[in-house]
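Novice: Predicted model and sequence below, questions to follow.
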Number of protein chains: 6
Amino acid sequence: MKLAHLSWPEVAAISRETVVLVPTGSLEQHGPHLPLFTDSLLVTRVAEEVEARCSDEVLLTPTLWLGASGHHLAFPGTLSASFSGYEEALTQVILSLKRHGFHRFFVLNGHGGNTELNGIALRKLKEADPSLTLGHSGYFAFIGELVGKTLTGPLKEIRHACEAEASLMLHLFPELVRQEKLRDDGLRPSGDLRGMVHLFDEITEQGSYGFATLATAEKGKILYDAAVAGCVEQMRALAAGYTLDSIVKDPT
Amino acid sequence: MKLAHLSWPEVAAISRETVVLVPTGSLEQHGPHLPLFTDSLLVTRVAEEVEARCSDEVLLTPTLWLGASGHHLAFPGTLSASFSGYEEALTQVILSLKRHGFHRFFVLNGHGGNTELNGIALRKLKEADPSLTLGHSGYFAFIGELVGKTLTGPLKEIRHACEAEASLMLHLFPELVRQEKLRDDGLRPSGDLRGMVHLFDEITEQGSYGFATLATAEKGKILYDAAVAGCVEQMRALAAGYTLDSIVKDPT
Amino acid sequence: MKLAHLSWPEVAAISRETVVLVPTGSLEQHGPHLPLFTDSLLVTRVAEEVEARCSDEVLLTPTLWLGASGHHLAFPGTLSASFSGYEEALTQVILSLKRHGFHRFFVLNGHGGNTELNGIALRKLKEADPSLTLGHSGYFAFIGELVGKTLTGPLKEIRHACEAEASLMLHLFPELVRQEKLRDDGLRPSGDLRGMVHLFDEITEQGSYGFATLATAEKGKILYDAAVAGCVEQMRALAAGYTLDSIVKDPT
Amino acid sequence: MKLAHLSWPEVAAISRETVVLVPTGSLEQHGPHLPLFTDSLLVTRVAEEVEARCSDEVLLTPTLWLGASGHHLAFPGTLSASFSGYEEALTQVILSLKRHGFHRFFVLNGHGGNTELNGIALRKLKEADPSLTLGHSGYFAFIGELVGKTLTGPLKEIRHACEAEASLMLHLFPELVRQEKLRDDGLRPSGDLRGMVHLFDEITEQGSYGFATLATAEKGKILYDAAVAGCVEQMRALAAGYTLDSIVKDPT
Amino acid sequence: MKLAHLSWPEVAAISRETVVLVPTGSLEQHGPHLPLFTDSLLVTRVAEEVEARCSDEVLLTPTLWLGASGHHLAFPGTLSASFSGYEEALTQVILSLKRHGFHRFFVLNGHGGNTELNGIALRKLKEADPSLTLGHSGYFAFIGELVGKTLTGPLKEIRHACEAEASLMLHLFPELVRQEKLRDDGLRPSGDLRGMVHLFDEITEQGSYGFATLATAEKGKILYDAAVAGCVEQMRALAAGYTLDSIVKDPT
Amino acid sequence: MKLAHLSWPEVAAISRETVVLVPTGSLEQHGPHLPLFTDSLLVTRVAEEVEARCSDEVLLTPTLWLGASGHHLAFPGTLSASFSGYEEALTQVILSLKRHGFHRFFVLNGHGGNTELNGIALRKLKEADPSLTLGHSGYFAFIGELVGKTLTGPLKEIRHACEAEASLMLHLFPELVRQEKLRDDGLRPSGDLRGMVHLFDEITEQGSYGFATLATAEKGKILYDAAVAGCVEQMRALAAGYTLDSIVKDPT
């Protein structure tokens, strides 16, 4: 069910065991080859497909498209929420629906810069009301091992406007890909440094990180189908309820 | 130009005299006959049409759809930003583009509950940087006297899920109108009280305020065309620049 | 009753149906002819007269004189609260008295720059506790059509240190009016622009907006009497309680 | 000079070496015998007398009458700012005048509950701009040893609605003293406990702390004159400028 | 009992009448002769000794060592919390233990710059929950008259890296005192100014205030023993509970 | 160099290329077998050893021991900072030293609950000042593959009061381990759910997660040595400076 299109009496009639699915994206530079809205377009499409497949169990909100993108602000056109503003928006969406009796929420993220804030927002909500069921993940995390198997470039993970994201865009929104501008880009620290914090104008030349020239619509379809399938499975598990079992063989 | 679909080098190439158009909406109850997303759908459609007509002079951002709707929260499905969260989101959109050199901004509002906050956000931005050109208005304000002439019910203004909004929806999104549920609703203080603050569950029976049973697609078209025309005119005036002239005949 | 002059056991004895009247003003430039405290002086005088006329029904607090005047800060002597600080002060006055059992509050405003914040403060309070009766208005709004009929200059409304405000000051505080400095002032956008946000050093030459040279004490008396009468009427209606009635002829 | 009564061009003409005097008070219970506005009335009267005596060297603002009075909120009628709201108001008054070029500020306090916040507000301002000259003190601190000599009751200091405050009120505002209600009150911890934090409903029976039955207008006059004289001396020293000299006899 | 070394089931078993002792310090410049951690080292040592002497009645937390030291930031190495950050840390320590059922708290302070904030933090907590028993004091305040009797220099009080603090360090941490760098320092306003707010780079030449060259370990021992003894007495009084008695001889 | 023990002139003399090392810990329940201070004790010991080994290149601050531990608050004794308070403390430590000219900072974390906040704090600092070199990591992350090889239980990672943490404590602080209370504990969601947010009283029976009964001092030594060695390497690389190199073979 798409929340945006329902009327309030229709929402009043929905089961409160329904899983609320909240997509989070960004409007930020994606190199010379992809549009600023890439993250929001992709996560929205995945979320809509998930909703279509398990419509009875999922209540889909519109995408929170204004992400935490301060590390991309050196590139024109990027919009960024403040950290606290982003967190506040997500929190209020959940609190609003909690007031209406919903208690299962899953945040489906399309932008790495939101991940830490999604975690913190949900931790605060959980600490304030332990009865809530809360989870969050990037849609890309549902793809799992298929990422490494599908990508042919030297980078076996999803980064930014990379082989994977460009492939997804070629599959889903080919008209928005500047094919002639696809480029490989990315800088990394010499040595093996752990946990350094960088801006994207430091670690790229033109904003993308990865091997976008290798992108194809076929790879995009594989990744997309896997993301949707994984997320559908999670939604169904959440809607069914789940228990917590001991990791100890014979706990006393 | 639609910001969402541009790449960053394309934004880099835009004239900084361009007027940035930021639509603001809501996701809140609109009675039993209209969808929760009514405000966001309408303001987005108006803004897109404005952008289509003066594409060279306007840079359109996605709609900030999470509005200040706390007065509707008694009705299931309504989402509301916090007051400060809403203001923060709008502020950061403008500050992001100001960083990229844009200095003319117009906020086109689709939800009355946002109006005061739009004013405060822009005042803060203006006080912090007087060189900015900033304005805001409801799209409905551009319709002007036509509202009173077009509506046939006793309420000669746009309220909430009323004759006007239902007409606009019938014109633009007829598939989302629950025709059989259209109803008249609304309560007002006895006597002639000024400035009382009410929640919508106090001043309506089922969430709408006005005479929605009188709505027609024809009225909707008249209102829509007027809103678009008025907003286009304002965009062009802003893009051309404007001066401030004395109201005194012979100022010394 | 004037809260400031009561002792706590006297407050303890007051009916909790009493309407608390909270005046809000400013200390900001009012051109070369009026003192900085103009708004606070006027709203306080109106409020005190209202209290004098319906003393049993009204509990008057001191005036919150530090207003939101950032748009006047280019002129020496202007003091401005921060937006949040202003809102916080008003909110805490109401919350303090709510703790003591009062539940009817009316904010009487003397400074346009406070209007949006008064609205937001009351909306937050109302959303947090729907049982409160809350309202706000400028004292000038109670004057109604008499403004246009009384003013003889081309501007038929109350702006800033204008024909109306200077007249009120000549009526109530003639010793504080610099008669020889009265001047007409004000700039407006060419064309018919809607909703532009300006600072007062942009839209005036010396800080006032309107035709102050036309001010007279007689006009001031007319405006003052009307403001007081209108506000008295509102206080009595609030103290009597009021109902909300359907706008629909035969609601079902 | 009284800021409230000046026009902006008059403020523009003042020497920026002038000392800005900011009185801070409260509206809080003062037992059954004194009005809620006692602190604000007293500090305002002292400040106005100081301004009258050294008018050229002092620019007096209106009194910030909404104090930090949460520890009195159990008594009806008490209004309290939030801690942060109080601090914000004081800060913005100083920042507004700093913007206009003033750099010497003295906060004259009439309510003990404000003291810590006055200190913190000024420390923040000083850390942000070390060029400012900032100071704060209770008006009562200027009375010095005369307090102990003047009071005849067992409590040789100024507390709350006590012998000293009631005497000051009898001297300055006798019509606001409920003579027949004057009472002695106050509770203290058994033993010799240091630094315990209490509410006034814990440490008094009816809100006052001290021996108000011993109050006389004569004592009030002595205390008042001393407070004014001490504060005048400080204002003149600040207006003259002051140096910092080594406490070491022969510093190297 | 030292909280840090307990396990949670051990804390679960403690009497909730136990007094929680929270030491607060700083990491800030202490002249050329003392280490940055002086305040934290001293208050921690006092607190540990107090805990050792009345272990059954006291639950000691680790020292909040990041103090409010903005007035020392001109000297390299000084760390300062923000004012609000410091207050928040102290508040959360107390709220955490309040959640576990403890209700008696005493904050033992080692840094003058924290005093106002300790007061404000405790006032907020007390206003929010009047059932709490809360107190705070500098450890130095427990020394009382012995300070004046012990110090031989012209300054008969504890200031900063002065005769007293240097003596305490010589007694407790002699290896951290740069003996050859001990120096006398300090500047004060000419005249007799009250309440002026200064930074330490204004009122010292090299960061210390007082006559450190007169420091001896013997003086340090006297001061230390007195501080510990006074604090132990307070802890025992708090653990025993205390009553509030009228200051009026025959209260009615 | 240990910042706490230096005097300010000594800090003034340090090279500004020095890497500032900031350890972050917690005071939270660690099951029935480990003390509340476990995280802070471990990360402090690692950091001190790292400082000892590359003392010229590292400036060590005291440990920020008050962590974000809200998910453990159901267990008595746990203290938790607020999320914003924790972030503020870390931020101010870095800003203080940045004011003194240092620009390389590494946060060494000992508590998983701090990780997201460390990331966000550093991102904000980096966005505000791109010239800073900033990084953060858990000390445990430096152990790398050795974790899996060293642990003999079924859980091949470091969780909470688990085989790894108990081993580290047995190696470094054996007197604080309640050997007879060591226990295996932990619950996990049925199915393969991704990203669910839980409190520790939901996912454990008595607070620990993992197989602590398998802990030995020998394993602890292996893990500790690896953590120290990895962190030393990182400190040296940071102190030497590092470059960013293209991931593209022949970038154009």
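Specialist: It's in. Here the structure is a predicted model, which means the values were calculated and not measured.

Novice: Show me which residues of the stretch 51-200 of chain A sit near chain F.
Specialist: A:70-71, A:73, A:83, A:106, A:116-117, A:119-120, A:122-124, A:126-127, A:130, A:133-137, A:141-142, A:154-155, A:184-191, A:193-199 (Cβ under 8 Å from any Cβ of the partner chain). Any C-beta I mention is one placed from the backbone N, CA and C, and that applies to glycine too.

Novice: Keep only those of those residues that are in strands.
Specialist: A:106, A:133-137, A:184-185, A:187-189 (DSSP state E).

Novice: what's the farthest-apart pair in the residues you listed?
Specialist: Farthest apart among these by Cβ to Cβ are A:Thr133 and A:Asp184. That separation is 41.7 Å.

Novice: So for those two, which residue has more residues nearby?
Specialist: In terms of neighbours (other Cβ atoms under 10 Å in any protein chain shown), A:Asp184 is the more surrounded of A:Thr133 and A:Asp184; the figures are 25 against 19.

Novice: who's in contact with the more buried one?
Specialist: By Cβ atoms under 8 Å, 6 or more residues apart in numbering or on different chains, the contact set of A:Asp184 is A:153, A:208, A:210-213, F:247-248, F:251.

Novice: the strands in chain A, which residues?
Specialist: So, for chain A - with DSSP E - the strands run A:19-24, A:58-60, A:104-109, A:133-138, A:184-185, A:187-189, A:210-211, A:244-246.

Novice: right, and the ones you listed - which one's nearest B:Glu88?
Specialist: strand A:19-24 (16.1 Å).

Novice: show me the contacts for A:Gly138.
Specialist: A:Gly138 neighbours (Cβ under 8 Å, 6+ apart): A:108-110, A:112, A:115.

Novice: Show me which of these is closest to F:Leu95.
Specialist: For these, the nearest to F:Leu95 is A:Thr115 (24.8 Å; Cβ to Cβ).

Novice: Just the pLDDT at that closest one, thanks.
Specialist: For A:Thr115, the pLDDT comes out at 98.

Novice: low-scoring stretches of the stretch 1-150 of chain A, by residue?
Specialist: Applying pLDDT under 70 to the stretch 1-150 of chain A flags no residue at all.

Novice: so which residue of the stretch 1-150 of chain A comes closest to chain E?
Specialist: When scored by Cβ to the nearest Cβ, the stretch 1-150 of chain A has A:Glu127 as its residue closest to chain E, at 11.2 Å.

Novice: Now list the buried members of the ones in strands among the residues of the stretch 51-200 of chain A next to chain F.
Specialist: Using 16 or more other Cβ atoms under 10 Å in any protein chain shown as the burial test, these include A:106, A:133-137, A:184-185, A:187-189 as buried.

Novice: TSV for these, including distance to B:Leu59?
Specialist: Shown next, in TSV, are these (distance: Cβ to Cβ, whole Å):
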residue	distance to B:Leu59
A:Phe106	34
A:Thr133	41
A:Leu134	37
A:Gly135	37
A:His136	32
A:Ser137	33
A:Asp184	30
A:Asp185	26
A:Leu187	31
A:Arg188	34
A:Pro189	36
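
Novice: now, which of the residues you listed sits nearest C:Val43?
Specialist: A:Leu134 (48.5 Å).

Novice: Emit the ChimeraX select command for whichever of the contacts of A:Asp184 are buried.
Specialist: To isolate the buried members of the contacts of A:Asp184 in ChimeraX, using 16+ other Cβ under 10 Å:
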select /A:153,208,210,211,212 /F:247,248
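
Novice: If we check chain B, which of the contacts of A:Asp184 are in contact?
Specialist: Counting by Cβ under 8 Å from any Cβ, no member of these is near chain B.

Novice: and the two most separated of the contacts of A:Asp184?
Specialist: Using Cβ to Cβ, the contacts of A:Asp184 span at most 14.0 Å, a distance reached by A:Gly153 and F:Pro251.

Novice: still on that earlier bit, dump the contacts of A:Asp184 to JSON lines, plus distance to A:Ser96 and pLDDT.
Specialist: Converted to JSON lines, those look like this (distance: Cβ to Cβ, whole Å; pLDDT from 0 to 100):
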{"residue": "A:Gly153", "distance to A:Ser96": "42", "pLDDT": "96"}
{"residue": "A:Ser208", "distance to A:Ser96": "36", "pLDDT": "98"}
{"residue": "A:Gly210", "distance to A:Ser96": "37", "pLDDT": "98"}
{"residue": "A:Phe211", "distance to A:Ser96": "42", "pLDDT": "98"}
{"residue": "A:Ala212", "distance to A:Ser96": "38", "pLDDT": "98"}
{"residue": "A:Thr213", "distance to A:Ser96": "44", "pLDDT": "98"}
{"residue": "F:Ile247", "distance to A:Ser96": "43", "pLDDT": "95"}
{"residue": "F:Val248", "distance to A:Ser96": "46", "pLDDT": "95"}
{"residue": "F:Pro251", "distance to A:Ser96": "47", "pLDDT": "63"}
